[in-house]
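S.K.: Please work out how this folds:
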Amino acid sequence: METEFTVDFSLFYFADTGNATQNRYELLLEGARFADGHEFSAVWTPERHFHSFGGLYPNPAVTSAAVAAITERVSIRAGSVVAPLHHPVRIAEEWSVVDNLSGGRAGVSFASGWNAVDFALRPENFADSKRVLVETVETVRRLWRQEELEFTDGTGAASSVRIFPPPIQPELPVWLTSAGSIETFRQAGELGVGVLTHLLGQDLDGLAGKIRAYRDTHAEHHGTRGHVALMLHTYIGTDRDEVRQLVHDPFSAYLRSSIGLFARAISADMPGVDLNRLTPADVDFIISRSFDRYFDTGGLFGTVQDAVKTVETLKDIDVDDLACLIDFGLDTGVALEGLSRLDEVRRQQN
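M.R.: Numbers count the residues shown, from 1 in each chain. As a prediction, this is how the structure comes out:
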């Protein structure tokens with residue numbers, strides 16, 4: 001069926017640190033400038049720790065402050081803040097600064113975290129991270145509204161605190177990050193926040209059902225539809241075969257660099273595989289299978305015409321925002337050059 005709305009396009013970043021020692025943030029900053037000038041909805045940066053995969057982004061508030069300083073219109077979002085790793089006051093303070101620097105354009109997707117090593121920052125929260133996530137989201141939202149809340153101070157007494165500077169937006173735009181759990185989709189609906197998700201470890205049919213569950217829950221609790229953002233690895237060229245050849249090696253290397261962190265997702269097509277017992281040839285096979293799946297059905301790759309068809313499919317399952325991950329190892333100049341064709345996809349929606 002054909003839909004009557006247009007989906008938003010945003011840029012998403014999750015780069016490996018790579019070997020470069022200079023201009024590591026060129027793609028982020030130049031991409032943000034492009035997004036700001038071409039009616040893209042947002043720029044998302046993640047939180048990652050202690051690993052080269054995603055290692056350019058240990059603190060999305062810092063990268064978002066940089067984006068805020070060079071843009072005027074585009075929303076500036078965390079994708080995501082790992083809530084159990086931080087005190088909620090610190091989250092609210094940092095993002096209020098981003099909100100002020102940007103003139104009221106900040107937004108945060110919160111995640112519970114999955115990698116035990118990350119919790120070296122706050123090991124006490126690992127076992128109960130999902131509960132801490134919900135508590136942190138609600139606390140940050142209250143602090144954002146300029147409520148005074150009590151916290152234990154250095155003497156062990158309860159002290160009331162209010163964050164400064166006051167944010168510009170009266171409400172912080174919030175999403176929950178889901179790796180595919182329908183419970184997280186429903187929880188986001190109950191909380192009245194958006195969902196940020198991806199296609200690592202889930203297919204379109206499964207995602208469609210989770211989005212329906214989210215919409216129903218959001219409507220039941222809040223009377224509104226909510227917001228669904230979908231992260232997709234993205235590069236648009238002029239010939240599909242040439243695009244496949246161009247992205248094959250860097251995207252395969254990108255998948256390989258993440259295999260230890262995303263074992264479940266990277267082998268989604270091969271249930272029961274134990275990555276710890278695989279030979280190098282086995283790993284090569286999994287990377288090859290994963291590349292084929294993401295290129296054919298799990299990303300936004302190919303020509304403008306290919307991508308327009310994919311966008312219509314994603315609109316049919318009720319996605320609101322395509323968060324296009326462009327920094328998976330392509331040369332910076334090549335990745336930036338592809339943005340003009342991505343913008344053409346955005347403009348050609350039915």
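S.K.: shouldn't residue 15 be in contact with residue 54?
M.R.: Yes: assessed by C-beta atoms under 8 Å, residue 15 is found in contact with residue 54 at 7.1 Å. Any C-beta I mention is one placed from the backbone N, CA and C, and that applies to glycine too.
S.K.: Compare the two (neighbour count), which wins?
M.R.: When neighbours are counted by other C-beta atoms under 10 Å, residue 15 and residue 54 differ, and residue 15 comes out ahead with 26 against 20.
S.K.: and the more buried one, what are its phi and psi?
M.R.: Phi and psi for residue 15, reported as degrees, to the nearest 10, are phi -70, psi 150.
S.K.: How about residue 318?
M.R.: phi 80, psi 40.
S.K.: what's the answer for residue 67, then?
M.R.: Here is the backbone geometry of residue 67 (degrees, to the nearest 10): phi -60, psi -40.
S.K.: which SSE is the closest residue to residue 39 other than its chain neighbours in?
M.R.: Once flanking residues are discounted, residue 39 sits nearest to residue 346: 7.3 Å by C-beta to C-beta, 6 or more residues apart in numbering. Element membership of residue 346, judged by DSSP states H and E, is helix 339-347.
S.K.: thought residue 139 was touching residue 88?
M.R.: Yes: taking C-beta under 8 Å as the definition, residue 139 is a contact partner of residue 88 at 4.0 Å.
S.K.: Buried residues in whatever helix or strand residue 305 lives in, which are they?
M.R.: For residue 305, the host element (DSSP H and E) is helix 304-316. Within helix 304-316, the residues that count as buried by 16 or more other C-beta atoms under 10 Å are 304, 306-308, 310-311, 314-315.
S.K.: Looking at that helix now, give me its mean pLDDT.
M.R.: For helix 304-316, the mean per-residue pLDDT is 96.
S.K.: quick one: the helices in the stretch 151-300 of the chain?
M.R.: Ranges of helices within the stretch 151-300 of the chain are 182-191, 204-222, 240-258, 263-266, 280-296, based on DSSP state H, counting those that start in this stretch.
S.K.: Can you tell me which of those is most buried?
M.R.: Across these, averaging neighbours per residue (mean count of other C-beta atoms under 10 Å) puts helix 182-191 on top, at a mean of 20.
S.K.: Quick check: the nearest residue to residue 31 once chain neighbours are set aside vs residue 228, distance?
M.R.: Spatial nearest neighbour of residue 31, chain neighbours left out: residue 11 (5.2 Å); criterion: C-beta to C-beta, 6+ apart. Distance, residue 11 to residue 228, using C-beta to C-beta, to the nearest Å: 17 Å.
S.K.: surely residue 208 meets residue 317?
M.R.: Yes: using C-beta under 8 Å, residue 208 is in contact with residue 317, at 4.0 Å.
S.K.: Look up the closest residue to residue 77, ignoring the ones flanking it.
M.R.: residue 107 (4.2 Å).
S.K.: contact partners of the helix or strand that contains that neighbour?
M.R.: Per DSSP H and E: residue 107 is located in strand 106-111. Applying C-beta atoms under 8 Å, 6 or more residues apart in numbering, the contact partners of strand 106-111 are 42, 44, 47, 64, 68, 75-83, 91, 95-96, 98-99, 133, 136-137, 140, 167, 169, 172-177, 194, 196, 229.
S.K.: Spell out the secondary structure type for residue 150.
M.R.: Three-state call for residue 150 (DSSP: H, G, I helix; E, B strand; the rest coil): strand.
S.K.: who touches it in this structure?
M.R.: 158-161.
S.K.: For it, give its distance to residue 259.
M.R.: 45 Å.
S.K.: What's the per-residue pLDDT of the closest residue to residue 283 other than its chain neighbours here?
M.R.: Of all residues not flanking residue 283 in the chain, residue 259 sits nearest, at 6.9 Å (C-beta to C-beta, 6+ apart). Looking at residue 259, its pLDDT stands at 70.
S.K.: wait, what's in contact with residue 91?
M.R.: 81, 83, 108, 136, 140.
S.K.: repeat for residue 28
M.R.: Contacts of residue 28 were listed using C-beta under 8 Å, 6+ apart, and they are 13, 43, 45, 56, 63, 66-67, 327.
S.K.: Next: residue 313.
M.R.: Taking C-beta under 8 Å, 6+ apart as the test, what residue 313 contacts is residue 204.
S.K.: So it versus residue 322, what's the distance?
M.R.: 11 Å.
S.K.: just residue 98 next, same as before
M.R.: For residue 98, the distance to residue 322 - C-beta to C-beta - is 23 Å.
S.K.: All set now, cheers.
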